[in-house]
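Model the following, please.
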Amino acid sequence: MKRSIAVGLLLASCALAAQAQVPQSELASRRAKLAASVGNGTLIAFGANEPEQDYLVFHQNSPFYYLTGLKEPGAVLVLRKTDSDVSTTLFVEPKDPAREVWTGSRLGPEGAARKMGIAARDISRLPAFLDSLLVSENQLYVVGNYGASQSVLSPVDQYIQALKNKHAGLTVSSANRTLDSLRRIKSAAELDLIRKAVAITVIAQREAMRFAEPGMNEFEVQALIEYTFRRNGADRPSFSTIVGSGPNSTTLHYNVDDRFMNAGETVVMDIGASYRGYAADVTRTIPISGKFSADQRAVYQIVRDAQAAAERQAKVGALARDMTDSANAVIAAGLARLGLTESPDATYDCDAAATRQCAQSFLYYMHGLGHGIGLDVHDPGAAPSRSSTTRLVEGSAFTIEPGIYVRENLVDILPDTPRNRALGEKIRAAVKRYANIGVRIEDDYIVTATSVDWISRAPREISEVEAEMRKPYTGPLPRNRSMVEWYRATAPRESR
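Residues are numbered from 1 along each chain as shown. All right, here's what the predicted structure looks like:
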C-alpha cells in the first residue's frame, strides 16, 4: 500500500489553481481527435433535450458535454471531415426573450460562436444543412442514443431513420465507442475536477459520520450529505445517494433512504458529488451505534483487507484485473472463515436444473470491484474487472469497492436442488448470525506518471471510523473557503 498508493492530500486538492477548468482549446482537441478516429463523412452529436416540464432540472449528456462544454438543451454538433479538412458547426436554440423568462438566458448562435470560437447557427437550419452535406456523401457517424434498442426507438433513432429515408444509400455508424475510447484517459484539467468532486464527497462522509445516530431516519443523513455537496459548490449528487441501514445495507443500489436506523445496525453510505460535471464515488460503512460489534467488525475487516489487497496490485502499468483477483481471494477466504461458505473455492448450483456452478462467495459479493469515474459515475476507463485487459496508465481514474452483504433470506432463495439444500443447512447458522450486515468500502484513485494516488481520504479503518463518530456534531461545517474562492474565481461572470 505505502509503495504503490501515493496518499493524496485533501486540502491541497481543494486549493488547486484555476487551471482546473477545461479550456476551449482542450475541447477543440477532443473534437479533432474524434474526427481523426473516424473516416471521411459527416459526424453528428446530439445534446440532451429540454425536459418536457420546464420546472425540472436539465442535465447535459456526457458525450456532448465532453465535446462542447455546452450545458444548454437542444443543441447539435456537426463535424464534416474530408481528406483535406475538418469543419465544425454548432446548432443551438435561438435567443427568445419570451421563453427565457421561464427557462433563463440562452447564448443563441452569436453568443455560442463567441464563447466557443466555432461557427454556430440556429437549430432550425440543421435539416437543410445536413441535406446539403448528405446529398453528396453517404457516410454518417452518430454520437448519441442511437441503436441501443431495436424495439424502442429513441428520438435520435427516429431522426436518423428519417435521414436514411430521405437519402438513399446513406450508411450510418455509431461513433459512441470511438468517443468512449477517447474518454478513457483524463486530462490534467479533468483530473483536477475529479479531485475537487472527491474532496467535497469526503467532507460529506465525515459530516455524516459525526451526525448519524440511532433513531434517525436515513433521509436525515441523506439531506445533510446533499446539503454539504451544494454548500461546497457541487452541481448535484453524481448519482442517487445511498444511505442503507440494517437490511437495506445488503441492497446494492438502495436509494429510497426512508427507514429509521436502529442501534446495533450497519449503515452503508454510498455517495458522490458532481463538480462541474465530474463525478466522485466514495462509500463508507458505519456502525450506527458508534462502535462495531464483534460480528460487524469481522465482516468489515475482510472487506477492508480485500480492498488493501487490490490496492497493492494498483501500480502504474499493471493489469486492472489483477486487483480483482487479489480482492476476490481475500473475500473468499474470509467468508469461509466465518462459516458463510464451505470453503474458499466451494460452489453451488446456480439454477434449479443444476446445470451451472457458481462460486459460493458470489452469494455475498456479487458485483465488480470497481469502475472508471469521470463525467459519468461509471465512466469509460480503467476498471478492475476480472475479464479486463486494461492496464493502469497515466490519466486513469477509477474506484475500488469490495463488499460483503449477508441477506437474512439467503438460504431460502437458493435454487432448490439437493446440493443447495445441503449447503443451506451447513451455512444456516452463520447466515443467521451475520444477517443484515452489509459492508462496502469504496475509494477513488487516479494514475499519474509514477504512482497510483488514493484521493478519497475519508476515515476507513475501524479505529478511524469509530474515532470520527465519537466527535460531537455541532452543526454543518463552514464552507471550505479555498474551494469556494476557487469556484468564485472561475465561475461565469454572471454567476459571481
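
For Gly370, which residues are in contact?
Neighbouring residues of Gly370 by CB atoms under 8 Å, 6 or more residues apart in numbering: 310, 323, 383-384, 398-401, 442. No exception for glycine: its C-beta is placed from N, CA and C like everyone else's.

Please read the previous query as pertaining to Glu226.
If you count contacts by CB under 8 Å, 6+ apart, Glu226 has them with 237, 241.

which stretches of the stretch 251-400 of the chain form strands?
For the stretch 251-400 of the chain, applying DSSP state E, counting those that start in this stretch gives strands covering 266-271, 273-275, 278-279, 282-287, 347-349, 357-359, 397-400.

so which of the ones you listed is the most packed in?
strand 278-279 (a mean of 30; mean count of other CB atoms under 10 Å).

Within the sheet, what are the partner strands of it, with directions?
Take DSSP bridges as the rule and strand 278-279 pairs in its sheet with strand 273-275 (antiparallel).

re the thing from before, closest to Lys164 out of the contacts of Gly370?
Top of the list for closeness to Lys164, among the contacts of Gly370 and by CB to CB, is Ala383 at 34.8 Å.

Give the burial count for the closest one, as a bare number.
By other CB atoms under 10 Å, 24 other residues sit near Ala383.

Verify the contact between it and Ala320 for me.
Yes - the criterion here is CB atoms under 8 Å, and Ala383 meets it with Ala320 at 6.0 Å.

Can you pull the residues that touch both of those two?
Counting by CB under 8 Å, 6+ apart, the contacts common to Ala383 and Ala320 are 390, 398.

Save the strands of the stretch 251-400 of the chain as TSV, and put in mean pLDDT too.
Shown next, in TSV, are the strands of the stretch 251-400 of the chain (pLDDT from 0 to 100):
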stretch	mean pLDDT
strand 266-271	98
strand 273-275	97
strand 278-279	98
strand 282-287	98
strand 347-349	98
strand 357-359	97
strand 397-400	96
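
can you tell which of those strands is closest to Val431?
Nearest to Val431, of the strands of the stretch 251-400 of the chain and by CB to CB, is strand 347-349 at 13.1 Å.

Pull up the pairing partners for the closest one, direction included.
Sheet partners assigned to strand 347-349 using DSSP bridges are listed as strand 357-359 (antiparallel).

List the contacts of the partner strand.
With contact meaning CB under 8 Å, 6+ apart, strand 357-359 is reached by 332, 345-350.

Go again with 6 Å.
Contact with strand 357-359 is made by 347, 350, as judged by CB atoms under 6 Å, 6 or more residues apart in numbering.

Stretch 251-266 too?
With contact meaning CB under 6 Å, 6+ apart, stretch 251-266 is reached by 214, 216-219, 222, 240, 242-246, 248-249, 285, 288-289, 296, 437.

Report the buried members of the residues you listed.
Buried subset of the contacts of stretch 251-266 (neighbour count, 16 or more other CB atoms under 10 Å): 216, 218, 222, 242-246, 248-249, 285, 288-289, 296, 437.

Going by distance to Phe229, which of the residues you listed wins?
Nearest to Phe229 out of the buried ones among the contacts of stretch 251-266 is Gln222 (CB to CB; 10.8 Å).

residue contacts, the closest one?
Contacts for Gln222 (CB under 6 Å, 6+ apart) come out as 241, 243, 257.

Quick one: work out the angle between the host helix or strand of Ala197 and strand 282-287.
Ala197 is part of helix 188-211 when elements are defined by DSSP states H and E. Angle, helix 188-211 to strand 282-287, by axes from the mean of the first three to the mean of the last three CA atoms, to 10 degrees: 10 degrees.
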